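Trainee: return atomic coordinates for the entry below.
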Amino acid sequence: MKQLEKIGYMAAGAAIMGMLAVPMSPAMAALAQKYIQVSPGVHIYVDDRPLATEGFIYDGTTYLPVRAVSEAVGKAVSWDGRTSSVFIGQHSSSEPAAVLTELDYFNRDGMFIEKNSIKDNLGRTYNRGYLSSGSSKGFMEYKLNGKFSRLTGTFFVRYDDRTFTGSGMLKIYGDGKLLYNSPEITGGVEPVPVDVDITGVLTLRIELSDGYNYSSHFAFADPLLYQ
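Mentor: Sure thing, here's the model as predicted:
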């Protein structure tokens with residue numbers, strides 16, 4: 001075994017929880033100033049395939065990076081800061097497990113635009129979402145691999161186009177099957193809440209249509225994924 005090395009508790013915490021991409025609490029930040037001795041360099045294999053990350057041994061116990069291992073076995077991982085709990089696989093929660101726009105897309109076309117800070121025709125601002133752009137159907141596809149059970153969001157006419165007379169639609173497909181087909185909306189129509197069952201969906205496809213002058217009149221905002 002390699003000689004024990006002194007590394008900060010922050011490194012230990014990063015190996016266990018850093019992959020969860022959550023900020024440390026003040027109490028945890030205080031612990032980061034303490035030091036422990038660990039034995040680094042524990043190699044991890046899943047079905048004889050090495051992961052591009054390592055674990056470590058501390059006080060006779062082996063610690064592994066949760067997110068790397070869970071993704072290697074095809075399971076979603078989420079962190080509940082209120083209860084200091086890590087969930088691997090399916091977990092029923094009122095809190096979203098992921099934001100769709102933050103996932104790496106599998107396929108797309110040029111008529112689909114991702115944007116932060118989008119305002120609907122009632123003047124409400126959303127953190128992120130997708131815009132339509134063009135006279136054809138723009139789309140994004142994601143490989144969800146059955147990790148999520150629900151998708152929510154809001155479909156609306158953008159604030160700057162609230163008097164727009166053309167129409168747009170939102171369609172959501174799961175593994176090629178139409179799961180959601182919005183009503184046609186236009187200027188004067190209030191935002192439409194979207195809540196779709198995506199249990200077991202491997203490939204998710206989001207389509208936005210905007211049949212007028214290659215402009216971005218409609219948006220699907222704050223698309224949240226739940227387990």
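
Trainee: sec struct for Ser216, please.
Mentor: coil (DSSP: H, G, I helix; E, B strand; the rest coil).

Trainee: oh, that last question was meant for Thr199, not what I typed.
Mentor: coil.

Trainee: so who does it touch?
Mentor: Taking C-beta atoms under 8 Å, 6 or more residues apart in numbering as the criterion, Thr199 is in contact with 146, 148-150. Glycine gets a C-beta too; all of them are placed from N, C-alpha and C.

Trainee: at 10 Å instead, please
Mentor: Counting by C-beta atoms under 10 Å, 6 or more residues apart in numbering, Thr199 touches 90, 146, 148-150, 174, 227.

Trainee: by neighbour count, which of those wins?
Mentor: Neighbour counts for the contacts of Thr199 peak at Phe148, which has 23 neighbours (criterion: other C-beta atoms under 10 Å).

Trainee: which element is that residue on?
Mentor: When elements are assigned from DSSP states H and E, Phe148 belongs to no helix and no strand.

Trainee: I'd like the next helix or strand past the helix or strand hosting His43.
Mentor: Secondary-structure assignment from DSSP H and E places His43 in strand 35-46. Once the chain leaves strand 35-46, the next helix or strand it forms, by DSSP H and E, is strand 49-58.

Trainee: partners of that next one in the sheet?
Mentor: strand 35-46 (antiparallel), strand 61-63 (antiparallel) (DSSP bridges).

Trainee: mind listing what's buried along the last one?
Mentor: Yep, that's strand 61-63 we're talking about. For strand 61-63, a neighbour-count test (16 or more other C-beta atoms under 10 Å) marks Tyr63 as buried.

Trainee: for my notes, confirm Ser70 occurs in a helix.
Mentor: Yes - checked against three-state DSSP, Ser70 lies within a helix.

Trainee: so what's it scoring on pLDDT?
Mentor: With respect to pLDDT, Ser70 scores 70.

Trainee: check the gap between it and Asp222 for me.
Mentor: Using C-beta to C-beta, to the nearest Å, Ser70 is found at 25 Å from Asp222.

Trainee: more neighbours: which of those two?
Mentor: When Ser70 and Asp222 are compared for neighbours, Ser70 comes out ahead with 21 against 18, by other C-beta under 10 Å.

Trainee: roughly how far does the more buried one sit from Leu224?
Mentor: 20 Å.

Trainee: ditto for Asp197
Mentor: 14 Å.

Trainee: shaky segments in the chain?
Mentor: By pLDDT under 70, the low-scoring segments of the chain are 1-40, 52, 67, 69, 71-94, 110-111, 133-137, 211-215.
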